[in-house]
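S.K.: Predicted model follows, preceded by the sequence.
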Amino acid sequence: MKKKMKLKKSTVGLLIVMLIFISLLTGCGNNEGGSANVSDMPTVGIVQIVEHPSLDTIRESILTQLAEEGFVDGETMVVDYQNAQNEQANLKTICQKFASNNYDLIIAISTPAAQAALGETTEIPIIFSAVTDPVLAELVTNLDSPGGNITGTSDAVSAEMIMDLAREITPNIKTIGALYNSSEINSVSVIEDLKEYAKANGLEVVEAPVMNSSEVKQSATFLAGKTDAVFAPIDNTVASTMPIISQTLNDAGIPFYVGADSMVNDGGLATYGINYTILGKETGKMAAQVLNGTDPGTIPVMTIKDVKIYINEKTADKIGVTFPQAVLDNAIVLGEE
Ligand code: TRP
């Protein structure tokens, strides 16, 4: 009796092992509902410098667009999403891993992420998203024909337009504070433009650059005591610490002009900015093109140019500013509860 049972067990075991082996060989093991086998799906690494509302909006919009084009995360495509918590060292580790895993595509959201990705591979296609100045960041030398393994979308902003708006809302600006992370080339590019604008318009720029997010409060406090208004470009370090900065500046009654709609939503006073859902959609289209076989180097960099005025009325109330009617007529109001 005992012997019989033993024999049966081992026969069943052998059968199971054989079945697993056959299903692995034919690739029909996990194939529910006719979707592709995991090993056949394109693999996509997404790297983001830090989580803040603007970059999160971009990532969600990219994934929505990819899904519309048939690349659905977990069904027809495998996505490995990593955020670097605003640490350069983390960016390097993440991109090294993406490169050694030999993913089919890397999507890099923000300038620092794109620079890190290109630093690790000149083979795997890279689509960058929301890079303010792709040439200054040394990602491409020519926006129209990038060449190499990289292309993407740009969110170039105009310091001049934002400053014209600032002076329309608060005309008595003589000194303007510049709050940014000096290691973010995307910010350095815009601050250069701010300095040129200031020179041409008789304003004085007071700079308080930071190296990381732990320094922003001190810089904001310093600028609050020294300037008539503060300007922050589309800086990832500032964007991810907006609540603390806007509270410091709003408490001091200092108008705070920023580079992106999400920063207005987080307590900034106003901006002239682009729509990041549209930027994400365009990035997603490029990613789909590359997954379908197009060489990224042949796709021109796309700069989103359509800008709108965004204002925060709650911030205006707090600091005692009234928006001119001409601004109100053209603005999108953010920061409402
Ligand atoms: N343009 C930034 C970069 O090049 C990234 C970015 C997109 C951003 N939207 C933003 C930064 C909003 C701050 C706020 O890295």
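M.R.: Alright, I've got the coordinates.
S.K.: Name all residues that make contact with the nearest residue to V79 once chain neighbours are set aside.
M.R.: Closest residue to V79 apart from its sequence neighbours, by Cβ to Cβ, 6 or more residues apart in numbering: D73 at 4.6 Å. C-beta here means a position set from N, CA and C on the backbone, and glycine is covered the same way. For D73, the contact set (Cβ atoms under 8 Å, 6 or more residues apart in numbering) comprises 63, 66-67, 79.
S.K.: In CSV: those, plus pLDDT, neighbour count and secondary structure.
M.R.: Below are these laid out as CSV (pLDDT from 0 to 100; neighbours: other Cβ atoms under 10 Å; DSSP: H, G, I helix; E, B strand; the rest coil):
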residue, pLDDT, neighbour count, secondary structure
L63, 98, 22, helix
L66, 98, 27, helix
A67, 98, 16, helix
V79, 98, 21, strand
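S.K.: Which one of these is nearest to S187?
M.R.: Relative to S187, the closest of those is L63; by Cβ to Cβ it sits at 26.6 Å.
S.K.: Quick check: the closest one touching G74?
M.R.: No. Counting by Cβ atoms under 8 Å, G74 is not a contact partner of L63; they are 10.6 Å apart.
S.K.: joint contacts of these two?
M.R.: Both L63 and G74 lack any common contact, where contact means Cβ under 8 Å, 6+ apart.
S.K.: Setting aside sequence neighbours, what's the nearest residue to S183?
M.R.: M211 (6.4 Å).
S.K.: wait, A229 sits on A178?
M.R.: No. Between A229 and A178 there is no contact under Cβ under 8 Å: 10.6 Å.
S.K.: Got phi/psi on Y81?
M.R.: Dihedral pair for Y81: phi -100, psi 130, per degrees, to the nearest 10.
S.K.: The closest residue to it other than its chain neighbours in helix, strand or coil?
M.R.: Nearest-residue entry for Y81: I46, 4.5 Å, with adjacent residues in sequence omitted and distances by Cβ to Cβ, 6+ apart. Following DSSP: H, G, I helix; E, B strand; the rest coil, I46 is assigned to strand.
S.K.: Look at I46 and say how many residues are nearby.
M.R.: Counted with other Cβ atoms under 10 Å, the neighbours of I46 add up to 25.
S.K.: which residues does it contact?
M.R.: Neighbour list for I46: 59, 62, 79-82, 106-109 [criterion: Cβ under 8 Å, 6+ apart].
S.K.: What score does it have for pLDDT?
M.R.: What the model reports as pLDDT for I46 is 98.
S.K.: Same question for the one 5 residues further on.
M.R.: Predicted confidence (pLDDT) at E51: the value is 96.
S.K.: Then the one 4 residues further on?
M.R.: L55 is assigned a pLDDT of 97 by the prediction.
S.K.: do the helix or strand containing it and the ligand meet at all?
M.R.: According to DSSP states H and E, L55 maps onto helix 53-68. Yes. With Cβ under 6 Å from any ligand atom as the measure, helix 53-68 is seen reaching the ligand through 54-55.
S.K.: Can you flag the buried ones in the contacts of I46?
M.R.: Among the contacts of I46, those buried by neighbour count (16 or more other Cβ atoms under 10 Å) are 59, 62, 79, 82, 106-109.
S.K.: would you turn these into TSV with distance to I278?
M.R.: Converted to TSV, those look like this (distance: Cβ to Cβ, whole Å):
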residue	distance to I278
R59	14
I62	12
V79	21
Q82	25
I106	22
I107	16
A108	19
I109	15
